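> A structural model of the following input is requested.
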Amino acid sequence: MTEKTTIKHFPPPPGVQAPPLSFGARVGDLLFISGIPGFDANRELPDGFEAQFANVVTNIKRVLSEAGATMRDLVKVNVLLTRASDVATMNALYAGAFGPAPYPARTTCVVVALPNPKMLIEIEGVAHVKG
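Numbers count the residues shown, from 1 in each chain. Below is the predicted model of the structure:
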């Protein structure tokens, strides 16, 4: 008899209008974090890249915390940017937010667009959650 795997879902925060998805889903010791854009607590998307990046990190930390993990538990992240000119800034901000080394494995892609035309960045990830 095969044991059914339990999946725990982490919904968007109350009041946040999100597409039909979980912000995170945990199966076993792995937490899969959906692509998180740079919306703030008021559901606004700031114009600046740095502000959007800070909001992404805040939201990723919230999902990790709800699952009993921290930024140090991230194993792999994918960063989507809409402007190649933001790569250097992203690397500098990323070093502070995701460091110190060792950093999670990472892929960075510059894409034509994200779902909202004002979105400059989105980050998704996988974390190892103990217990």
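
> Show me the shaky parts of this protein.
In the predicted model, the chain carries pLDDT under 70 at residues 1-3, 15-17.

> State the number of residues packed around Asp13.
If you look again at residue 13, you'll see it is Pro, not Asp. Using other Cβ atoms under 10 Å, Pro13 is surrounded by 14 other residues. All C-beta atoms are positioned from the backbone trio N, CA, C, and that covers glycine.

> what do you get for Gly38?
Gly38: 27 neighbours (other Cβ under 10 Å).

> which residues touch the closest residue to it other than its chain neighbours?
Nearest non-adjacent residue to Gly38, counting by Cβ to Cβ, 6 or more residues apart in numbering: Gln52, 2.8 Å away. Residues counted as contacts of Gln52 (Cβ atoms under 8 Å, 6 or more residues apart in numbering) are 37-38, 45-46, 119-121.

> tell me which residues in the strand or helix carrying Gln52 are buried?
Taking DSSP states H and E as the definition, one finds Gln52 inside helix 49-66. The neighbour-count check on helix 49-66 (16 or more other Cβ atoms under 10 Å) flags 49, 52-57, 59-60, 63-64, 66 as buried.
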